[in-house]
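Chemist: Got a predicted structure here, sequence first:
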Amino acid sequence: DLQVTTPDLFTTSFHSHEAISLLSISEAGVFISSSSIKIRNEMHTILSQSVSHLNPEDEIFASSISVMVIRRRSFSRGMDFDSFEDDESTKSPSNGHGFTRWPTSKIVSYGDYRADEEALGPSYFDNKKLYEYQASLPKLPVPSLEQSIQKLIESSIPLAKNENEKKSFLRAVRDPKLKLLHQKLVEKKDSCTNTSWLSLWWNQMCYLKYRDPLKIFVSYFFTLDDDHSIDPVDPSAGVKRAASIITAISKFRKKVCSGDLPQEMIRNKPLCSAAYKYMFNACRIPESPMDSYTIYDPSLYSHCIIAHKGFFFEMDFVDKRTHDPLPIHVLEESIRKCIDIATEASENKDRNILKLGMFTSLNRDDWAEIRDGLLKDVKEDLEVLQSGAMLICIDDDSPSSRKECAELFWHGGKDFGMNRWFDKSLQFICTTNGKAGLIGEHSMMDGMPTFNLCRFIHNSTYKDYLHEQKSFSEDTAVPVRILFDRTSVDFLNFGQLKINNYINAYYNLVNGYDVAADDYKGYGSHQIKALSYSPDAFVQQAIQLASIKAFGRSIATYESTQVRSFLHGRTETTRSVSQSSINFSRAMISSDRKKFATEIIGRLKKATVDHTNYSRSASKGLGCDRLFFGLEVVAADNDDRICLFESDVYKRSKKWLISSSTLPIPPGFGPVDDMGVGLAYFIDDDSIYFCVTARSDHRGLAEKMLSLLFKTLNEMKDL
């Protein structure tokens, strides 16, 4: 510990597990010295909230990366620093930004939405538009067992291979043990106050306990619209796009973290806002046997993370007091500074810095072991990266086609995967020619909240922000700091052989998967609606027909349906296979389409209506898959052997060879089954975007499925 004697009014030093820091208060102002940006930000926030609120005339200096000086025109005497953490003023919106100070600087979550909200305290949600209707949201229902069994039968029987399988399955669904399990599930639902009976199980078993790499099997990605105010051949196009996106994010972040963002509504029904807590200043943490998820008090942090050439940088992007975006020219200069430092570091052969981002794409247990080895020496740098508002990845690449963008935004390909940190809640990728994409870590947040952020980004351009801040003329970059500059190849003490094995595993994973993406331009939602079809149900029938052509039979198909109209609701499954969908597909394959067009159209209408009805039922929490997931969990907890769960037909009905999802933005994700495909789509007014992913050893299955989808949509158009 430091021993300090000064004539100041108040001087202290304090030692934590992160850093030795010095706080000195005098008539002139405040001197804070710490190697920890978190401590500096926290002390600044405490002072600004608890000590005669900082006034506009107060001058704040960052004289070096580890020192902050606040020069006060006037300063209050007689402060009790021991009471700052408990002072109510630290828990109310501070001057300028409207954020509510959390009772603690961070929350370590294990997937329990309710526990995380309790840690924030009930007052956190008061008087915030984002949570205006949160307390009135209904709890997720436990669907009727009989109705769920009927849904299961209707979607599973078409997948049976013979009559014996059908009969065995129909006997299994009448197992009286199912009623006992269902009753226990109802009792669990009744005992769950202020949360969903499903959410903790779902978050832990389907995400945090999942051990396979995030970048292929968990994360999703979006391709953002081009910013047409940026010339793609401009050498600064990527920097300008990054600065524009950072500006938009900072504005949206302030709305979210202050609670000023209105709660989402669908058909006048509010949607759950729980996921927004995990959007910014958040990171998944590898642990064995289950990961955790750390969220940080956004009022304490003003930095984001910039990545270039596999190097990571800490960079302020908002004003520390107001959390408004820094001028866009300042952001541009700061990003260029990161690029220059990274370029120099990559060319300096004496600085053998290990690019740690690669390890975040490994199996979770392997990454947890590596991270444990890092903690003793670079714990603070890890904390800085994890607490950053978001990660901006600057790639020296110029993708042009949909496929090239999808590959880059999905996993980074062979060249840019090291320029990612797949644990971060949000990563934005910006390329040399101004293309942009998003990678979302899926554990605690689904796609619609991140789509809302992207929609906000699309609403303004670089040129708009340039005009907004044209009064600023001086090009002054904020300080930036490279992270992990002490890590070398032998830093982890694993030996070169083990490091090489991890690198090989990284490349094998990238090489093991194909992606095919493009826009079908024959028609879109306008034409489909004009024929009185639901666009989504229509496209799902095209998927069914294309999948039969690709696999030679009907296969289980998953479509994600959100249930955020319920407290802590996430998704339910819409099962796309039905007898009516099979009847339509068979008629399209085996009939003379011109001769029997009227009959085939009738079958198509029936199939789309059935699909829409199932989707509406699922959105009300009345699908069957989450119920049977819950029944399996209860059975496992009680060591009950249930014949249904061992049935071949039941297992086949959940083997999602096609995992599909649609969003109002070009999305993508990996397959959930090694033998199947991930199929993401976006139905625009006059076109339909598809992104298909599959293992590369399936003889071009991704490209084949995309081609069959285009051909099928043309055939349906010809009807």
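Modeler: Looks like it arrived, so ask away. Numbering: from 1, shown residues only.
Chemist: Who are the contact partners of the residue nearest the centre of the chain?
Modeler: By CA atoms, centre = their mean, the mean C-alpha position of the chain lies nearest to Gly440, the distance being 2.7 Å. Applying CB atoms under 8 Å, 6 or more residues apart in numbering to Gly440 gives the contacts 219-222, 425-426, 447, 450. To be clear about C-beta, it is placed using only N, CA and C from the backbone, and glycine gets the same treatment.
Chemist: Sketch out the low-pLDDT regions of the stretch 151-300 of the chain for me.
Modeler: Along the stretch 151-300 of the chain, no part satisfies pLDDT under 70.
Chemist: which stretches of it form helices?
Modeler: If DSSP state H, counting those that start in this stretch is used as the criterion, the helices of the stretch 151-300 of the chain fall at 163-172, 177-191, 199-203, 214-217, 237-258.
Chemist: most packed of those?
Modeler: Counting by mean count of other CB atoms under 10 Å, helix 237-258 has the highest mean neighbour count of the helices of the stretch 151-300 of the chain, with a mean of 24.
Chemist: so what secondary structure elements neighbour it?
Modeler: If you count contacts as 3 or more CB pairs under 8 Å, 6 or more residues apart in numbering; DSSP states H and E, helix 237-258 packs onto strand 303-308, helix 328-347, strand 391-395, strand 426-431, helix 447-458, helix 462-468.
Chemist: thinking again about what came up before, and the helices of the stretch 151-300 of the chain: which comes nearest Leu706?
Modeler: Leu706 lies closest, by CB to CB, to one member of the helices of the stretch 151-300 of the chain: helix 214-217, at 18.5 Å.
Chemist: before we move on, the earlier item: figure out which of the helices and strands packed on helix 237-258 is closest to Gln204.
Modeler: Set against Gln204 and scored by CB to CB, the helices and strands packed on helix 237-258 come closest in helix 447-458, at 20.1 Å.
Chemist: hmm, who's touching that closest one?
Modeler: With CB under 8 Å, 6+ apart as the test, helix 447-458 has contacts from 220, 222, 224-225, 245, 248-249, 251-252, 264, 271, 275-276, 279, 426, 438, 440, 562, 564, 661, 663-665, 667.
Chemist: Buried subset of those, written for ChimeraX?
Modeler: Buried members of those, defined by 16 or more other CB atoms under 10 Å, are picked up in ChimeraX with:
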select :220,222,224,245,248,249,251,252,264,271,275,276,279,426,438,440,562,564,661,663,665,667
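Chemist: And the helices and strands packed on helix 237-258: which comes nearest His611?
Modeler: Of all those, helix 447-458 sits nearest to His611, with 20.2 Å by CB to CB.
Chemist: Kindly format the C-alpha coordinates of that closest one as CSV.
Modeler: Provided in CSV are the C-alpha atoms of helix 447-458 (Å, rounded to 0.1, in the frame of the first residue of the first chain):
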residue,chain,number,x,y,z
GLY,A,447,-32.7,-11.2,-31.9
MET,A,448,-35.5,-8.7,-31.7
PRO,A,449,-33.9,-6.3,-29.1
THR,A,450,-30.7,-6.2,-31.2
PHE,A,451,-32.8,-5.7,-34.3
ASN,A,452,-34.3,-2.6,-32.7
LEU,A,453,-30.8,-1.3,-32.1
CYS,A,454,-29.9,-2.0,-35.8
ARG,A,455,-33.0,-0.2,-36.9
PHE,A,456,-32.0,2.8,-34.9
ILE,A,457,-28.5,2.7,-36.5
HIS,A,458,-30.2,2.6,-40.0
